[in-house]
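**Student:** Predicted model, plus sequence, below.
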Amino acid sequence: MQSRRDFIQKLTGSVIALQISPAVIAASCNSAVTHYDGPVLRVAIMGLGSYGTRVAEAMKDCKKAKLVGVISGTPSKIKDWQAKYNIPEKNCYNYETFDQVKNNPDIDAVYVITPNALHHHQVIRVAKAGKHVICEKPMSINAKDGQEMVDACKKANVKLLVGYRMHFEPKTLEIIRMRKAGELGKVLFFQGLCGFNIGDPTQWRLNKQLSGGGSMMDIGIYAINGARYMVGEEPIWVTAQETKTNHEKFKEGVDETIQFQFGFPGGAVASCLSTYAMNNLDRFFLDAEKGYAELYPSTGYGPIQGRTSKGELTQPHVTHQTVQMDEMAGIIFEGKQPPVPVDGEEGVKDLKIIDAIFEAAKTGKKINLKL
Ligand code: NAD
């Protein structure tokens, strides 16, 4: 099965495909929901790029959520999606007209899947139109913008959820269950390695105006978020070191490689790596007094594979975005509480940490965190 990194690498012409292991494709169980006759979350996707397409395909198997609308600046893409997903004309918008979604009773939520720096104003506009918002990670490009998005959604009385698909992944959730049940004992150490060799230097991911940074915003955020849900605490300090081998490709403000460390209130420490210049990095390792847990690959599209000191993790592979969208419908309509939050506040915590990592890398100082 193709990982997201493979996809970006192929798209951008890189020759080395990230093959973490000769993946044994586990049985795919695309939706945990077998029978459902409750309300269906009717979603419009904003940004019909590579990840938007993946979400649309995954939503075909959803029981509680349905793709019903699109927002795009490219008329030909809108036509293609209309034909492919049976989307009526009245549910199609562009970036100038999408505030009118306000008057559309057939759309409940907008899923924002555009370049990172656009999320802030797009989410606020959707909130003002009175629709629930799902926003891709990183929720925005700094904590201040993220907090403004949270505030706007609160004010408009709409839900804001962030596309943290790993929060619904079965092997990840099993490790979290084991840790919470005390089966691993006191957590001592986490290692998160996240990276891939990025291709095309002209893509938006390497343009600070659109990306807000480099590898940290895109892939390092998985190690940050993962450190928090694997350790089960919020970090209280961070240190970071940046290295750059290609100043032409990774311009000022676009990080190529950052190593960073966290301290947690319970005494655990974390050591993480975020990079756009190395392959084969998609691994989480948690060490605790009574055992360990490892995920490798840990955050790709799957199958996720892993083991703990008790043996292999055997939970089935799921299509992450299918389960995520069904679960998000449950959060919006039924007030379900996921084991690891996916709300705007969760997104802001990661952004506060990213702000601190950038500051630590720049100043060489240990930065204290209050999340
Ligand atoms: P992409 O380049 O494939 O798609 C981006 C889309 O936004 C394109 O359709 C593009 O036309 C549109 N767009 C609108 N305004 C634009 C502008 N001013 N400049 C450039 N493009 C513009 O990117 P993607 O990989 O789909 O990523 C989109 C978002 O999804 C990012 O925030 C990314 O971090 C996130 N993402 C999340 C995951 C995940 O696993 N959760 C995976 C991939 C991407």
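**Tutor:** Alright, I've got the coordinates.
**Student:** from here on, contacts and neighbour counts on C-alpha atoms
**Tutor:** Will do.
**Student:** can I assume residue 191 is in contact with residue 268?
**Tutor:** No - with the criterion set as Cα atoms under 8 Å, residue 191 and residue 268 do not qualify as a contacting pair; they are 11.0 Å apart.
**Student:** More neighbours: which of these two?
**Tutor:** In this view residue 191 and residue 268 are compared by other Cα atoms under 10 Å, and residue 191 has more residues nearby, 21 against 18.
**Student:** any residues touching whichever strand or helix holds the more buried one, and which ones?
**Tutor:** Per DSSP states H and E, residue 191 falls inside strand 187-195. Outside strand 187-195, the residues that touch it by Cα atoms under 8 Å, 6 or more residues apart in numbering are 215, 219-220, 222-224, 226-227, 230-231, 267-289.
**Student:** rerun at 7 Å
**Tutor:** Residues from elsewhere that reach strand 187-195 (Cα atoms under 7 Å, 6 or more residues apart in numbering): 219-220, 222-223, 227, 231, 267-276, 278-279, 281-289.
**Student:** same deal with stretch 62-75?
**Tutor:** When contacts are defined by Cα under 7 Å, 6+ apart, stretch 62-75 is touched by residues 31, 33, 36, 39-48, 56, 59, 78, 87, 91-95, 98, 322, 325-326, 329.
**Student:** now do 6 Å
**Tutor:** 40-47, 87, 91-95, 322, 326, 329 (Cα atoms under 6 Å, 6 or more residues apart in numbering).
**Student:** Beyond the helix or strand of the chain with the lowest mean pLDDT, next helix or strand please.
**Tutor:** The least trusted helix or strand in the chain, going by mean pLDDT, DSSP states H and E, turns out to be helix 4-11, with a mean of 46. Remark: after helix 4-11, the chain's next helix or strand is strand 41-46, criterion DSSP H and E.
**Student:** Moving C-terminal from that following strand, which element do we reach first?
**Tutor:** Beyond strand 41-46 on the C-terminal side, the first helix or strand identified by DSSP H and E is helix 50-59.
**Student:** Could I get the contacting residues of residue 47?
**Tutor:** Contacts here follow Cα under 6 Å, 6+ apart; on that basis residue 47 touches 72, 113-114.
**Student:** of those, list those near the ligand.
**Tutor:** Of the entries in the contacts of residue 47, the ones placed beside the ligand under the rule of Cα under 6 Å from any ligand atom are 113-114.
**Student:** Inside strands: which ones of the contacts of residue 47?
**Tutor:** Per DSSP state E, strands hold no members of these.
**Student:** Output the contacts of residue 47 in JSON lines; the columns should cover neighbour count.
**Tutor:** Converted to JSON lines, those look like this (neighbours: other Cα atoms under 10 Å):
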{"residue": "72", "neighbour count": "21"}
{"residue": "113", "neighbour count": "23"}
{"residue": "114", "neighbour count": "23"}
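**Student:** now the helices: where do they sit in this structure?
**Tutor:** If you assign secondary structure with DSSP state H, the helices in the chain sit at 4-11, 50-59, 75-85, 119-128, 143-155, 170-180, 208-211, 215, 221-231, 320-334, 344-363.
**Student:** Packed most tightly, which of the ones you listed would that be?
**Tutor:** helix 215 (a mean of 28; mean count of other Cα atoms under 10 Å).
**Student:** List, one by one, the residues from the chain near the ligand.
**Tutor:** Proximity of the chain to the ligand is confined to 47-52, 113-116, 136-138, 163, 218 under the rule Cα under 6 Å from any ligand atom.
**Student:** 8 Å instead, please
**Tutor:** Counting by Cα under 8 Å from any ligand atom, the residues of the chain close to the ligand are 4, 8, 46-53, 72-74, 112-119, 136-139, 163-165, 203-205, 210-211, 217-218, 300-301.
**Student:** For the closest residue in space to residue 98 that isn't next to it in sequence, grab the count of nearby residues.
**Tutor:** For residue 98, ignoring the flanking residues on the chain, the nearest one in space by Cα to Cα, 6 or more residues apart in numbering is residue 71 at 6.8 Å. Neighbours of residue 71 under the rule other Cα under 10 Å: 25.
**Student:** about what we covered before: mind checking which of the contacts of strand 187-195 are buried?
**Tutor:** When burial is judged by neighbour count using 16 or more other Cα atoms under 10 Å, the buried members of the contacts of strand 187-195 are 219-220, 222-223, 227, 231, 268-276, 279, 281-288.
**Student:** rewinding a little: which neighbours does the strand holding residue 191 have in its sheet, and in what orientation?
**Tutor:** Within its sheet, strand 187-195 is paired with strand 269-275 (parallel), strand 281-288 (antiparallel), according to DSSP bridges.
**Student:** Give the rounded mean pLDDT of that strand.
**Tutor:** Averaged across strand 187-195, the pLDDT comes to 98.
**Student:** Now do it and helix 221-231, the angle between them.
**Tutor:** An angle of 160 degrees separates the directions of strand 187-195 and helix 221-231 when computed by axes from the mean of the first three to the mean of the last three Cα atoms, to 10 degrees.
**Student:** Measure how far strand 187-195 is from the centre of its chain, please.
**Tutor:** Between the centre of strand 187-195 and the centre of its chain there are 17 Å (Cα atoms, centre = their mean, to the nearest Å).
**Student:** Just the CA trace of that strand, in PDB.
**Tutor:** In PDB, the C-alpha atoms belonging to strand 187-195 read as follows (Å, rounded to 0.1, in the frame of the first residue of the first chain):
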ATOM      1  CA  VAL A 187       7.000   5.900  31.000                       C
ATOM      2  CA  LEU A 188      10.700   6.800  30.800                       C
ATOM      3  CA  PHE A 189      11.500   7.700  27.200                       C
ATOM      4  CA  PHE A 190      10.000   8.300  23.800                       C
ATOM      5  CA  GLN A 191      11.700   8.500  20.400                       C
ATOM      6  CA  GLY A 192       9.900   9.900  17.300                       C
ATOM      7  CA  LEU A 193      11.600   9.800  13.900                       C
ATOM      8  CA  CYS A 194       9.700  11.500  11.100                       C
ATOM      9  CA  GLY A 195      11.000  12.400   7.700                       C
END
